[in-house]
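Trainee: need coordinates for the below:
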Amino acid sequence: MASLVYHVAVSLDNFIADQGMIDGKLDRTLFLFDGDHVPDYLSNIQHYAAVLMGGKTYEFGFQFGAKPGEPGYKGLKHYIFSNTMEFESNTEVELVRGDAVDYIENLKKETDGTLWLCGGGQLAGSLIERKLIDQLVLKVNPILVGSGVPLFGDARPHLKLELIDSKCYECGVIKSTYNIIYP
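Mentor: Numbers count the residues shown, from 1 in each chain. You can find the predicted model right below:
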């Protein structure tokens, strides 16, 4: 059975995207895309068996030249959860329609290794409500954005976390890893 890790950049006020990212104007985002945390991030994601994301997160990669049906992260199987996107699934990128939570629950049961949820606040909220996220890896950016996409969408989980690792970077990013303790 696979474990599911929600590994995502977040602001100090718990948003995974600010208005600049939502509007597609990266020059207005406060999130850090450069810095001494990036090599660790690129190394960390190589240990995942597959990447899962909502449609809006997948579309974010189009700003960097990715096209529908292409992987955003080479070498990782992609599962894209969207009922509105249109592209043909292939061996690298699978478009999943319908109930994402049920699909992910079955994927965890049928897969080995570690699955990476890299974005989709609403999706993350639905998954944590069903107790399907096993671990959080939060790359906390030294920013406050005031509004944007919340870490868990509309969900308001009330859970204990066990800190298992923490690292501070010179750029101000703090990466914290937590195991989720479900009641």
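Trainee: what helix or strand is the residue most central in space within the chain on?
Mentor: By C-alpha atoms, centre = their mean, the chain has its centre lying nearest to Cys118, at 1.8 Å. Per DSSP states H and E: Cys118 is located in strand 114-119.
Trainee: partners of that strand in the sheet?
Mentor: In the sheet containing strand 114-119, its partner strands are strand 3-10 (parallel), strand 50-54 (parallel), by DSSP bridges.
Trainee: who are the contact partners of the residue nearest to the centre of the chain?
Mentor: His7, Val8, Ile45, Val51, Leu52, Met53, Thr57 (C-beta atoms under 8 Å, 6 or more residues apart in numbering). Any C-beta I mention is one placed from the backbone N, CA and C, and that applies to glycine too.
Trainee: same check on Val145?
Mentor: Contacts of Val145 by C-beta under 8 Å, 6+ apart are Ser11, Asp13, Phe15, Asp18, Gln19, Leu30.
Trainee: how close does the residue nearest to it when sequence neighbours are not counted sit to Arg28?
Mentor: Spatial nearest neighbour of Val145, excluding adjacent residues (C-beta to C-beta, 6 or more residues apart in numbering): Asp18 at 3.8 Å. Applying C-beta to C-beta, to the nearest Å, the value for Asp18 to Arg28 is 8 Å.
Trainee: before we move on, what about Ile180?
Mentor: From Ile180 to Arg28 the distance is 33 Å (C-beta to C-beta).
Trainee: ok, Lys160 next?
Mentor: Taking C-beta to C-beta, one finds Lys160 at 36 Å from Arg28.
Trainee: which SS class is Ile104?
Mentor: Per DSSP: H, G, I helix; E, B strand; the rest coil, the local secondary structure of Ile104 is helix.
Trainee: tell me how many other residues surround it.
Mentor: Neighbour count for Ile104, taken as other C-beta atoms under 10 Å: 25.
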